[in-house]
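In: turn this into a structure:
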Amino acid sequence: MRNSRPMILLFPLVCLLSSIISILCEPNTLGVCNEKEKHALLRFKQALSDPANQLSSWSMDEDCCRWEAVCCNNVTGRVVELHLGNPYDTDYEFYINFTLGGEISPALLELEFLSYLNLSWNNFGGKSIPSFLGSMGSLRYLDLSFAGFGGVVPHQLGNLSTLRHLDLGDNNGLYVENLHWISHLSFLKYLGLGSVDLHREVHWLESMSIIPSLSELYLSGCGLNRNMVSSLGYANFTSLTFLDLSENNFNQEIPNWLFNLTSLATLTLSDNQFKGQISESIGQLKYLESLDLNFNSFHGPIPTSIGSLSSLWYLLLDENLLINGTLPTSLGLLSNLEYLRVGGTSLTGNISEVHFTTLSKLKVLAIYETSLSFHVNSNWTPPFQLHHLEADSCIMGPKFPAWLKTQKSLSYLLLSNSGIVDTTPNWFWNWASSIQQIHLSDNQISGDLSQVVPNITILDLSSNCFSGWLPRLTSNVVALTIANNSFSGQISTLICRKTNERSKLEVLDISNNALSGELSDCWMHWPSLTHINLGSNNLSGKIPDSMGSLVALKALSLRNNSLYGDIPSSLGNCKVLGLINLNDNKFLGIIPRWIVERTTLMFINLRSNKFMGGIPSLICQLSSLRVLDLANNSLSGTIPKCLNDISAMAGGRSGGDFTVLEADYDYNSYMESLILNIKGRDSEYEKILQYVRMIDLSSNNLSGSIPIEIFNLSGLQSLNLSHNHLTGMISVEIGGMEYLESLDLSRNNLSGEIPQSMANLTFLGDLNLSYNNLSGRIPSGTQIQTFSPLSFFGNAELCGAPLLKNCPGDEEETQRPTGEGENREYPEIAWFYIGMGSGFFLGLWGVCGCLFFIKAWKHAYFQYLDDIKDSAYVAIAIKLKWLHQKL
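Out: Next up, the predicted model:
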């Protein structure tokens, strides 16, 4: 009974506290909003732009504590929190429509008890952060990240002495003059300054390291460099658990003070040009869970001490080309490791079962582009279940890895160029049915896929040894790339099989195989196709009208087949077509009107067909056109004078929207390519295709003069008008084609002088003006005289270097024998070979004749050879004896 009295007295107190907590934690039931704060919020709203009307609930008729994004104290009714961050920060389409903007009104100062303010993921158009925010003394949480602020960060923020969370990251040109003010935020736990320019503040580390409570520090992309790293041997980050210094430019070894941050759980130093070896001191960070060192310039071996980081689950060392040595077996001790990326390094040696001893949690393994070799027993059962395996350009063969069939959770399999020389095992295609992406290109894998029904979203089997008929596809396949194999039969076996569901196929590349027959008229079953490449097969017949139903088509390549007839007008329905490649076929007729009206076209290659008629002037409205190749046809008439309207060729090396060239997927992409004849040779352009600017109208029947306007295409790199019937002079305007690398005007009827302005073409590396009626002196200066005389032959009235024919007024031309040889095409070349032959003959018999007729010279010469033989014999005998003694 003595203990019951205190309990009786305590019970009412407990009930009172419970009631207070309940009132504080439940929504405001008092319905009372402070009027002063209500009016302040309405003035704040009035200064904002709110296109989506998110703040429609903010009105005089409603209690402000019930407004959207407003939180009040449930007892006092005072506003304590404003949650105005964009709710659609991960969905760009919605994000752009739900951004707040305008001005930040000083009316916020009337919210005396505001402790939480979030304006992130909005767009304030580069306006400065209001300095008056530094007077809001109750703030504990301030998030202005991704909000489009610019200018200098106000030092008044240092007055927010109770602040715990400050995020100013990823804005529009924010910078700091100094960081002295930040040391006043003694209770700060979270500091986000990502992409804020700190390069003016040399002492950033000293300013931040004296905040004892700081636990998370984000300094990604802040312009920090090696001159700004403190010489402090120790940084007072006693509570720091998260440090992000990525995307700066330190260009030095990792500073030693980092290894003293023993409380760190996450360390991100990626993309910094850090160099030197990764110190064994990394093992001191015993609580480390995540370590990201990728995209740097580290060299030397991976430290074995990483194996002592028992909590590590995330390890990224990829894209450090100079990291070498072998993969340390101590990595096999990291029992919590889930992500291991060491690709893009110079690691060598074997990977064996020992490296995975305790890695039962491993989900991602990336060992791509290394010299590592996977050597495990054929019956090995790994302790892990991978989600992602990336081993491109890493030796996994020659046998197909049998251990893969134990992986039941795999979503991404990337084994391109991995040295596999084998047939796909019987279990493979059933096992692979649940995998999203498979990339096995550039191996020597064989097999017959005619009975296979892939259910794989992205399947790349290009450059292998697969054969037989084409596989059947399910509706789930998005990209099928099987180029450079030995598939045969007709394409109808693939495209004329209907599926119950709408097909999702976007990319179909079966180029460089042995397909035959016609392009079956079944394309209406594949409405999602964006890229088709059937080039370099044995296809024949006409293009079927059903191809015009592919309204999403961006790129069509049918090159190097035996297709014929007119190009169907139905292809005009492909409204977003950006690339058409029909070269090396037997198409005829005039160039279709729909082609020159399709303003989305960027690449047109109709080379080596039987097109006739003129070049339509409407082609000039294709302002995005980069490549125009109409060579080796039967086109006639004149060259359109309006070609200078093609702005993409007149604007230097500017980029553009090149989605027509690439279909992008997770971890990989499909890229279009073109084989173009530039500088007289065929070359394949893929990754740099977007930078190519060329016009090739050669080997046609074009007449008239070369339009002056074509020389205004200052961005053009290659111009070929050879083998036509062009007349007139070469305009002086040609000197403005500053990026021109290749020019071929040969085999025409051009006359007049070569303009001196051609000496301004400093990028010109290939020139052919031969076989015209050009006259006068060849321009001097720059590299013109370095071209071969062949570039100017066939112009009887041309003179000056590099031709041997001097111009009037030059030194008297060296007398040469006259005769029939002067009428030959290449007199200079002929005399060159005559001189070389006679010189060789005289030199050879000059030496041999002396040895034959002068007896003393002959004895001395052969005595010298005997001495060399004896010396060599003695040296070899001594070396063999020494080796014998060693063995």
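
In: can you list the buried residues in stretch 304-323?
Out: Residues of stretch 304-323 classed as buried by neighbour count (16 or more other CB atoms under 10 Å): 305-309, 312-320, 323. The way it works is simple: take the backbone N, C-alpha and C, and place the C-beta from them, glycine included.

In: C-alpha coordinates for that stretch, CSV please?
Out: In CSV, the C-alpha atoms belonging to stretch 304-323 read as follows (Å, rounded to 0.1, in the frame of the first residue of the first chain):
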residue,chain,number,x,y,z
THR,A,304,43.7,-5.9,-50.4
SER,A,305,42.6,-3.9,-47.3
ILE,A,306,39.2,-3.4,-49.0
GLY,A,307,38.5,-7.0,-48.0
SER,A,308,38.4,-5.8,-44.3
LEU,A,309,35.4,-3.5,-44.9
SER,A,310,32.9,-6.0,-43.6
SER,A,311,29.9,-3.6,-44.0
LEU,A,312,30.6,-2.7,-47.6
TRP,A,313,27.7,-3.5,-50.0
TYR,A,314,28.4,-1.1,-52.9
LEU,A,315,31.9,-0.9,-54.5
LEU,A,316,32.6,1.0,-57.8
LEU,A,317,36.1,1.1,-59.2
ASP,A,318,35.2,1.0,-62.9
GLU,A,319,36.6,3.3,-65.5
ASN,A,320,40.0,3.7,-64.0
LEU,A,321,42.1,2.6,-67.0
LEU,A,322,45.4,2.5,-65.1
ILE,A,323,44.2,0.2,-62.3
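
In: chain center to it: distance?
Out: Computed by CA atoms, centre = their mean, to the nearest Å, the separation of stretch 304-323 from the middle of its chain amounts to 25 Å.

In: would you map the strands across the stretch 351-500 of the chain?
Out: 364-366, 371-374, 388-390, 412-414, 437-439, 446-448, 458-460, 465-468, 479-481, 486-490 (DSSP state E, counting those that start in this stretch).

In: so which of these comes closest to Thr659?
Out: Nearest of the strands of the stretch 351-500 of the chain to Thr659, taken as CB to CB: strand 479-481 at 14.8 Å.

In: strands paired with the closest one, and their directions?
Out: Note on strand 479-481: by DSSP bridges, its sheet partners are strand 458-460 (parallel), strand 507-509 (parallel).

In: which of those is buried the deepest?
Out: When the strands paired with strand 479-481 are scored by mean count of other CB atoms under 10 Å, the highest mean neighbour count falls to strand 458-460 (a mean of 24).

In: average pLDDT for that strand?
Out: Across strand 458-460, pLDDT averages out at 96.

In: run through who's touching that strand.
Out: Identification of contacts with strand 458-460 by CB atoms under 8 Å, 6 or more residues apart in numbering yields 416, 436-441, 477-482, 665, 668, 670.

In: and those, which is closest to Ile351?
Out: Ser416 (17.8 Å).

In: what's the burial count for that closest one?
Out: By the measure other CB atoms under 10 Å, the count of residues near Ser416 is 21.

In: so it makes contact with Cys394?
Out: No. Applying CB atoms under 8 Å as the test, Ser416 and Cys394 come out as separate, 9.9 Å apart.

In: just for this structure, where's the confidence low?
Out: 1-31, 89-95, 227-234, 652-657, 782, 811-887 (pLDDT under 70).

In: which residues touch the closest residue to Cys807 other than its chain neighbours?
Out: Leaving aside its sequence neighbours, Cys807 sits nearest to Cys799 (CB to CB, 6 or more residues apart in numbering; 4.0 Å). Taking CB under 8 Å, 6+ apart, we find Cys799 in contact with Gly776, Arg777, Ile778, Lys805, Asn806, Cys807, Pro808, Asp810.
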